[in-house]
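Participant: Here is a sequence together with a model predicted from it:
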Amino acid sequence: MLAGGCVRRSAVDRNSFSNSRAQISLLAQSSTFDIFPRMSISQVSSTSVESLLKEDRIFPPHTAQADALGGANVESLEQYHALHARSVADPSGFWGEIAQDFEWFKPWTSVLEWNCPDAKWFVGAQTNVCFNAIDRHVLEGHANDVGLIWEGEPQASGMPEVRHLAYGELQDEVSRFANALKALGVKKGEIVTLYMGMVPELPIAMLACARIGAAHSVIFGGFPAPSIVDRVLDAKSRVIVTCDGAWRRGSVVPLKKNVDEAMQSLVAQGHAIEHCVVLKRTATPIEWNAARDHWWHDVIAKESSECPCEAVDAEDLLFVLYTSGSTGKPKGIRHTSGGYMVYTAYTARMTFNLKPNANHVFWCTADIGWVTGHSYIVYGLLPNRVPTLMYEGAPNFPAEDRFWEIVARHRVTHFYTAPTAIRAFMKWGESHPKKHDLSSLKLLGTVGEPINPEAWIWYHEQIGASRCPIVDTFWQTETGGHVITPLPCATPTVPGSCTLPFFGIDAAIVDETGNELPPNTGGLLVIRKPWPSMLRGIHGDRQRFIDTYWSRIAGMYLAGDGARRDERGYFWIMGRIDDVINVSGHRLGTMEVESALVSHPAVVEAAVVGMPHEIKGTGIAAFVTLSLQATASEALKAELREHVSSVLGAIARPDMLRFTAALPKTRSGKIMRRLLRDVAAGKESTQDTSTLDDFGALAALRGNDE
Ligand code: PRX
């Protein structure tokens, strides 16, 4: 046993692990590797595989950890295996039992109807997600218990603004806003767009939609106007809720101004937003159209705090959330009410070992504009009656210790963040967490991208004081909740692996024909059976839904990630297999960035690939061919970067931009992206260039500094 309660892998394990390294480099040459059409050898083996080899410790769960969490929800690996086996053998029986813990206004006639790719869960049942998140606790005597803790970013007087919202207050505020939405004519089934900062009114608005049976589409507040336009048009929203501005690192993000710009462009495209509700947050001067704009405080002032929860069908739409795909157009992922509610709340309970009466305070640092915030700030947390904390601003405002100050101030017990954030904390240095009392922490989590073991160990030692279990949760916007994850009191963890499938998840690594591959062979990650919170479609695009997830391997959900499974059945995610890159844990389609670049008049052609990045995991490299009229210059580079940011948001701003007279292409005209990835990573290409049309293009690229 080593310090920190970890054990070294046995010699046998170590051997099989180095075998796996050999396997992976073999993969590069084998035909199995061809299933990664757009991945280079270097890309697969860089962060997610090679750095794993530097760490060979296993971290078994301890009884002390379970005690600290108030007792284990799943006690041992044996118990996990038994429950998992049952959950996949009899999904209806398993989920039927779990769902008994929720309030249903009408029971289901069958738990599951599966007609691939269409799943219906809790068929015929009626419920309301908001009722399960809030009203139920009020009815059970918890009106005064805190459900939501919020901390604002500014610290003008040295102390930040903090709000503690009890379930009773949440019920009042949600009901008032639900009535306001009804007064604006919002009907059951329609999609309300929410473009707000991280303020309590955002979850309040989401829950208000759920309360009246309307759906929401939350747009991340960091997106610029064009992203609002696309999403509003796709969702056909008539009502948008926003803020005058949002606080970010001490400055104001002009949300209403962005919405105004979007609304103008929408009108030009024949779609008018009828009502725009504006929450006053930053008191920034804004433009006002009295016929369309309403202050949040005015609309709620007129309404009563009585608003009964609408009974909705389990399969009624709860929300649409847009995510990048491999084409330029984001996909509106559809999630419905019953299955999403049951699965997110149950995964939250098991993965984080939540207990309602154990003084837990759960903090997920994601923005609610991403699925992580939907599922593990709002919908998965509230039904568990564990307070959920949300923070408005940046981790380094006013200084790099802000997160640790928050942990100490609110006695946070569960801390859930992304590897990119952990790498930033590492860079800022351990003196920041050391300044604060982090003794309240009992469990740490990560999500969004493979975590490199160095970051895992730093997190474990510096934040978790070598005593907190770490759950590395793999999932996607499409899966709704965790699908591969350790259970903190049951699963021994290995840095870099998201370990084992959650209950009900029949995950596997297969080849192109759907055959399961032997251990340590890289292949396609699939899920072979339906689960309650699986996406129900892409909004308005049935064919894309089928093509993206269900066509490549008949009858199986294709996650879009390459992965391998080791000899103990643990999953290791190797990276995306499509033209999607994962920048700071956020998905971005390379084609979206290319389209943004080409929309600039100086650009005739662009190719975008991922490149290794110390903090972001993957950075963005753009290769740009200019029009004959344009002249390459540093100023133009800066302008193009800024242009991408103004179209897609700061997340998409290229980290590296190179001008090139021509892009390397095959004779059939396809851009050789693998080659560009090697150039971006500063590596000699191992790629076969025999099909390259113009060797001069490659030579020019190599000679061209950023
Ligand atoms: O590539 C995987 C990566 O993030 C993708 C999903 O992105 P998104 O839908 O934006 O949701 C992110 C938050 C759930 C996946 O296809 N990913 C997510 N979690 C992990 C991960 N890769 C490795 N390990 C993880 N724990």
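Facilitator: Sure thing, it's come through.
Participant: hey, what's residue 58 bridged with?
Facilitator: Beta-bridge partners recorded for residue 58 (DSSP bridges): residue 7.
Participant: which SS state does residue 353 fall under?
Facilitator: coil (DSSP: H, G, I helix; E, B strand; the rest coil).
Participant: Could you report the separation of it from residue 362?
Facilitator: 11 Å (CB to CB, to the nearest Å). Heads up, the C-betas are built off the backbone N, CA and C, glycines and all.
Participant: Same question for residue 213.
Facilitator: Using CB to CB, residue 213 is found at 27 Å from residue 362.
Participant: my read: residue 620 touches residue 596, true?
Facilitator: No - if you go by CB atoms under 8 Å, residue 620 and residue 596 don't touch, sitting 10.9 Å apart.
Participant: which neighbours do these two share?
Facilitator: Counting by CB atoms under 8 Å, 6 or more residues apart in numbering, the contacts common to residue 620 and residue 596 are residue 652.
Participant: Spell out which parts of this protein neighbour the ligand.
Facilitator: Proximity of the chain to the ligand (CB under 6 Å from any ligand atom) is limited to residues 323, 371-372, 447-450, 472-477, 498, 559-561, 573, 576, 582, 586-587.
Participant: Sort out which of those residues are in helices and list them.
Facilitator: Per DSSP state H, helices hold the following members of the residues of the chain next to the ligand: 371, 372.
Participant: residue boundaries of the helices in the stretch 51-200 of the chain?
Facilitator: Here the stretch 51-200 of the chain has its helices, by DSSP state H, counting those that start in this stretch, at 63-68, 77-89, 91-99, 129-130, 136-137, 167-183.
Participant: Give me the buried stretch members for the first one, please.
Facilitator: Spelled out, it's helix 63-68. 65, 66, 68 (16 or more other CB atoms under 10 Å).
Participant: Now those in JSON lines, please, with extra columns for pLDDT.
Facilitator: Formatted as JSON lines, those follow (pLDDT from 0 to 100):
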{"residue": "65", "pLDDT": "97"}
{"residue": "66", "pLDDT": "97"}
{"residue": "68", "pLDDT": "97"}
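Participant: which one of the residues you listed is nearest the ligand?
Facilitator: Using CB to the nearest ligand atom, residue 65 comes nearest to the ligand of the buried residues of helix 63-68, at 20.1 Å.
Participant: related to what we said a few turns ago, which of the residues of the chain next to the ligand fall within strands?
Facilitator: 323, 447, 472, 473, 559, 560, 561, 573, 576, 582, 586, 587 (DSSP state E).
Participant: Model confidence at the fourth one, what's the number?
Facilitator: What the model reports for residue 473 is a pLDDT of 98.
Participant: what's the neighbour count on the spatially closest residue to residue 513 that is not a sequence neighbour?
Facilitator: Here the nearest residue to residue 513 in space, its sequence neighbours aside, is residue 553; by CB to CB, 6 or more residues apart in numbering that works out to 7.6 Å. Look at residue 553: counted by other CB atoms under 10 Å, it has 18 neighbours.
Participant: Could you do residue 211 as well?
Facilitator: Neighbours around residue 211, by other CB under 10 Å: 28.
Participant: average pLDDT for the host helix or strand of it?
Facilitator: According to DSSP states H and E, residue 211 maps onto helix 201-212. Computed over helix 201-212, the mean pLDDT rounds to 98.
Participant: Now that helix: buried residues?
Facilitator: 201, 202, 203, 204, 205, 206, 207, 208, 209, 210, 211, 212.
Participant: What distance do you get for the third one to residue 137?
Facilitator: In this structure, residue 203 and residue 137 are 15 Å apart, going by CB to CB.
Participant: For the residue of the stretch 201-350 of the chain found nearest the ligand, name its beta-bridge partners.
Facilitator: As assessed by CB to the nearest ligand atom, the ligand sits closest to residue 323 within the stretch 201-350 of the chain, at 5.2 Å. Counting by DSSP bridges, residue 323 is bridged to residue 331.
Participant: quick one on the thing from earlier: just say which of the helices of the stretch 51-200 of the chain is most tucked in.
Facilitator: With neighbours defined as mean count of other CB atoms under 10 Å, the helices of the stretch 51-200 of the chain peak in mean count at helix 129-130, which reaches a mean of 31.
Participant: Now do that helix, average pLDDT.
Facilitator: pLDDT averaged over helix 129-130 gives 98.
Participant: can you check stretch 561-576 too?
Facilitator: If you average the pLDDT over stretch 561-576, you get 95.
Participant: Next: stretch 365-373.
Facilitator: For stretch 365-373, the mean per-residue pLDDT is 98.
Participant: got the CA positions of that stretch in PDB?
Facilitator: Output of stretch 365-373 as PDB, limited to C-alpha atoms (Å, rounded to 0.1, in the frame of the first residue of the first chain):
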ATOM      1  CA  THR A 365     -18.400  24.000 -12.200                       C
ATOM      2  CA  ALA A 366     -19.800  23.700 -15.700                       C
ATOM      3  CA  ASP A 367     -22.000  26.300 -17.400                       C
ATOM      4  CA  ILE A 368     -25.600  25.400 -17.600                       C
ATOM      5  CA  GLY A 369     -25.300  26.200 -21.300                       C
ATOM      6  CA  TRP A 370     -23.700  22.700 -21.700                       C
ATOM      7  CA  VAL A 371     -25.200  19.400 -21.000                       C
ATOM      8  CA  THR A 372     -23.100  18.900 -17.900                       C
ATOM      9  CA  GLY A 373     -24.900  21.900 -16.300                       C
END
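Participant: neighbouring contacts of it?
Facilitator: Contacts of stretch 365-373 (CB under 8 Å, 6+ apart): 198, 202-203, 206, 218-223, 321, 323, 333, 364, 374, 376-378, 390-391, 395, 403, 415-418, 421, 447-448, 475-477, 480, 586.
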